[in-house]
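Asks: below is the sequence, then the predicted model.
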Amino acid sequence: MEQVFESKIDSEKIIHSWIDNATRIWDSLVQKDGDKKSSFFNDEDSAKKAYQAWEPALKTWNEFTGSINKKEMIDSLVEGNKAGVENFHKIMKSGLEGYSFFQKRWMESASNINDVFKNHKGSSFGGSEIFDVFADIYKKEFSKFLSVPPLGLSRQYQTKLQQVIDKSNIFQVKFLEFLYFLYIPFEKSFKVVQDSLASLADEGNLPDDTKEYYKMWLKQLENHYMALFKSSEYTNALGKVVDAMSDFLSARQQITQDTFKAFGVPVEKDMDELYKDIYSLKKRIRLLEKDAQKK
Amino acid sequence: MINMSETIHKTMNTIAENSEMMWNFADDASDVLLGDLDTEIAQTPYEVVYQQDRVKLKYYKSEAKTKLKTPLLIVYALINRETMLDLQPGRSVVNTFLENGIDIYMIDWGYPTRKDRYITIDDHVNGYMDDVIDFILEKEKIPQINLMGICMGGTFCVMYSAQHPEKIKNLVTTVAPTSFDTDQGLLHSWMKCVDVDKMMDTLGNMPSDLMNFGFLLLNPARLMIDKYISFMENMNSKDFVENFVRMEKWIFDSPDVPGETFRQFVKDFYQQNKLIKNEMELGGTIVDLKNLTMPLLNIYGKFDHLVPPGACEQLTKAVGSKDVQDVCLDTGHIGIYVSSKCQKEFGPRISIWLKERDGEKQDEPVKKSSPKLRIKNKDLKDNAHVQFLHGSL
């Protein structure tokens, strides 16, 4: 890469020509020694005043160009240029390596996801196992990114925020699973009714009253709900969604309390402590009153 | 072709007839819904004679010529409200008792707020209930009262009677769960899988909406679909709409349950079934059901999905009383109180049972009752709304 760069661009020539051109421009603008033939200024006084004003700057310029026009300086500039390219190359290289590292980790996670799918067995309520798979994938492959320890002054607040996000995600998956369970009887009852209607149609016994269809479906729906509610799959899902809801509400409460505290507003925790004191005091007073009445 | 033409003609006629019927129905329904509806509940006059915190004591005075000597204290559950016993004229357990000469005291638990989250079962039973009973005994200048408990309130009454048998003359439990190790009711299975500690630590109190959602889930097909389809089919009937709205008002008028009470109820009863095993501890003392020596009438519903017969029928075998009676009605959890058929069976039966024991001493049973009596209510179909209650709750 360096060879290619050197063969295409001759940095020394570029610097020489740039300095020459720049000097020529300044010379043409302000003729040295107050030349009367200058086309830029209309009279001699103006040209002299301009030259006097610009003279220190032009001297500095000439000194600067003289110094960088030396071979050693040009060599060092060219070297610096090469070093910049090298640095850029290094940054790019580490960036690409970092990207491929993360890509590798994601690919590993993806292959783990496949394992999670393989390890899960189907349930009697077809399709519901997908939510367990999602929950597992989230826990093993995504939740850990929200567990990276935060640093600094605001680390406690960051931790609480991460908790809310994490618990909210878990709650949503569990809630979806719960809703899916509630939907299953609808699907099953419709299918049973369709099958029944098909056989009734074959026998030529289709009911005339449309309400009969509704009653048929409702009975099926009720039966399927009863079967679902008695199943261990449903009770597990119920337990999980209630747990996840409690976790999420608790995490959300933490954030809310921090916010209110900042405004000096008493939060539930403060009030609960107060309520507990009142409760204990009232109970003691009641006992004392009872004792006093007995005496 | 002729057949096809006839069919089309017939179909068009039917559509025309149906659309005319629909318009008439919509017209009548709008008259009913936009008109004056009497949907008030709990209209029987009463007086609040005692109040402690949010808990009030209602007093209903009987105007009957012959009255029982001993008043009756009714303890309702912490879930929903006691207004269910006085839903409407003609469907009111309160009115039935008053007509039969029974003075009634009834506990109104009020609406617990966050500050009530630490109130335990012991505070309800040995706190509020004991104070209320002491107040009544002093006011009436009597040594004992009759006690009737409903659902969770019945469980409270059983515990109270076991710990303070000297204050209770007769005990009536209605749809009161006392044995929780049964797989008959869905609640019994569901409560075993819930981490109630985590829930109550987070929520403080048990929110009424969450509980109502749980109750609706017991039978979503009937309670969330069929019920409202029945409503739409009967919107043109003023009586039906009024009854329906009264029930809706009552069902969804549900206070939160204090957190510690809910936690204890789930853990000690649903998960560990302590009461029937005489392992329940209340105020530092074990609740021994053998101490329950007063006459006991235990009523429950055969089709009760919330408190199934299996959760109720063990009580009479576990108590120390010799005068016990089980009555199983062919109805559900709410139908037992609100159906017009049960109005003729439930209230009058309790009144007669109390009358028979009104003058007797607590340790001398009037007569040996049959161990189990089953009353069948075959015709319970008052209307579609009540029918749903019978079948589903």
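Replies: Right, received. Where do you want to start? All values derive from a computational prediction rather than experimental measurement. Residues are numbered from 1 along each chain as shown, chains lettered A, B, ... in the order given.
Asks: where do the strands sit along chain B?
Replies: B:47-52, B:55-60, B:72-75, B:86-88, B:91-92, B:104-108, B:145-150, B:168-174, B:281-282, B:285-286, B:296-301, B:324-329, B:372-375 (DSSP state E).
Asks: mind telling me what element A:T60 is part of?
Replies: Taking DSSP states H and E as the definition, A:T60 sits inside helix A:44-68.
Asks: quick one: mean pLDDT for that helix?
Replies: The predicted model assigns helix A:44-68 a mean pLDDT of 69.
Asks: roughly how far apart are the residue nearest in space to the middle of chain B and B:K169?
Replies: Taking Cα atoms, centre = their mean, the centroid of chain B lies closest to B:I150, which sits 5.1 Å from it. Computed as Cβ to Cβ, to the nearest Å, the B:I150 to B:K169 distance reads 18 Å. No exception for glycine: its C-beta is placed from N, CA and C like everyone else's.
Asks: and B:A64, how far from chain A?
Replies: Here B:A64 is placed at a distance of 35 Å from chain A (Cβ to the nearest Cβ, to the nearest Å).
Asks: what about the closest residue in space to B:T173 that isn't next to it in sequence, neighbour count?
Replies: Using Cβ to Cβ, 6 or more residues apart in numbering or on different chains and skipping the chain neighbours, the partner closest in space to B:T173 is B:G154 (4.1 Å). Neighbourhood size, B:G154 [other Cβ atoms under 10 Å in any protein chain shown]: 29.
Asks: surely B:G154 meets B:L171?
Replies: No: shown here, B:G154 and B:L171 do not form a contact pair, counting by Cβ atoms under 8 Å, at 9.1 Å.
Asks: what residues does chain A put near chain B?
Replies: Residues of chain A lying close to chain B by Cβ under 8 Å from any Cβ of the partner chain are A:182, A:185, A:214, A:218, A:221-222, A:225, A:229-230, A:235-236, A:238-239, A:242-243, A:246-247, A:249-250, A:253, A:268, A:271-272, A:275-276, A:278-279, A:283, A:286.
Asks: change it to 7 Å
Replies: Residues of chain A lying close to chain B (Cβ under 7 Å from any Cβ of the partner chain) are A:218, A:221-222, A:225, A:229-230, A:235-236, A:238-239, A:242-243, A:246, A:249-250, A:271, A:275-276, A:278-279, A:286.
Asks: weed out the non-buried ones from those residues.
Replies: Buried by 16 or more other Cβ atoms under 10 Å in any protein chain shown: A:218, A:221-222, A:225, A:229, A:235-236, A:238-239, A:242-243, A:246, A:249-250, A:275, A:279, out of the residues of chain A next to chain B.
Asks: nearest to B:S30 among these?
Replies: A:L218 (27.2 Å; Cβ to Cβ).
Asks: any idea how far that closest one is from A:L182?
Replies: According to Cβ to Cβ, A:L218 stands 16 Å off from A:L182.
Asks: export the strands of chain B to CSV and append columns for mean pLDDT.
Replies: Compiled in CSV, the strands of chain B are given as follows (pLDDT from 0 to 100):
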stretch, mean pLDDT
strand B:47-52, 97
strand B:55-60, 98
strand B:72-75, 98
strand B:86-88, 90
strand B:91-92, 90
strand B:104-108, 98
strand B:145-150, 98
strand B:168-174, 98
strand B:281-282, 96
strand B:285-286, 95
strand B:296-301, 96
strand B:324-329, 95
strand B:372-375, 46
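Asks: show me what B:V324 bridges to in the sheet.
Replies: B:L296 (DSSP bridges).
Asks: gap between it and chain A?
Replies: As judged by Cβ to the nearest Cβ, B:V324 and chain A stand 32 Å apart.
Asks: go ahead and confirm that residue touches B:M294.
Replies: No: using Cβ atoms under 7 Å, B:V324 is not in contact with B:M294, being 9.9 Å away.
Asks: just to revisit the earlier point, isn't the residue nearest to B:T173 right up against B:S161?
Replies: No: the pair B:G154 and B:S161 fails to qualify as a contact (Cβ under 7 Å) at a distance of 10.4 Å.
Asks: how about the strands of chain B in a markdown table, adding distance to B:W353?
Replies: Converted to a markdown table, the strands of chain B look like this (distance: least, Cβ to Cβ, whole Å):
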| stretch | distance to B:W353 |
| --- | --- |
| strand B:47-52 | 26 |
| strand B:55-60 | 19 |
| strand B:72-75 | 11 |
| strand B:86-88 | 21 |
| strand B:91-92 | 19 |
| strand B:104-108 | 15 |
| strand B:145-150 | 10 |
| strand B:168-174 | 7 |
| strand B:281-282 | 27 |
| strand B:285-286 | 29 |
| strand B:296-301 | 5 |
| strand B:324-329 | 7 |
| strand B:372-375 | 11 |
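Asks: of those strands, which is nearest A:I74?
Replies: Taking the strands of chain B one by one with Cβ to Cβ, strand B:281-282 is closest: 95.8 Å.
Asks: so what's B:N278 up against?
Replies: Residues near B:N278 by Cβ atoms under 7 Å, 6 or more residues apart in numbering or on different chains: B:286-289.
Asks: and B:I74, by the same measure?
Replies: Here B:I74 is in contact with B:85, B:104, B:106, B:148, B:150 (Cβ under 7 Å, 6+ apart).
Asks: what helices and strands are in contact with the longest helix along chain B?
Replies: For chain B, the helix with the greatest residue count under DSSP state H is helix B:2-34. If contacts are counted by 3 or more Cβ pairs under 7 Å, 6 or more residues apart in numbering or on different chains; DSSP states H and E, helix B:2-34 sits against helix B:238-251.
Asks: which outside residues touch the helix it packs on?
Replies: With Cβ under 7 Å, 6+ apart as the test, helix B:238-251 has contacts from B:32-33, B:37-39, B:41, B:80-81, B:83-84, B:87-88, B:231, B:234-235, B:383, B:385.
Asks: ok and that helix relative to helix B:2-34, angle-wise?
Replies: In terms of direction (axes from the mean of the first three to the mean of the last three Cα atoms, to 10 degrees), helix B:238-251 departs from helix B:2-34 by 60 degrees.
Asks: buried ones in helix B:238-251?
Replies: For helix B:238-251, using 16+ other Cβ under 10 Å, the buried residues are B:238, B:240-247, B:249-251.
Asks: stretch B:66-75 now?
Replies: If you call a residue buried by 16+ other Cβ under 10 Å, then stretch B:66-75 has these buried ones: B:67-68, B:70-75.
Asks: can you check stretch A:164-174 too?
Replies: Neighbour count says stretch A:164-174 has A:164, A:166-167, A:169-171, A:173-174 buried, by 16+ other Cβ under 10 Å.
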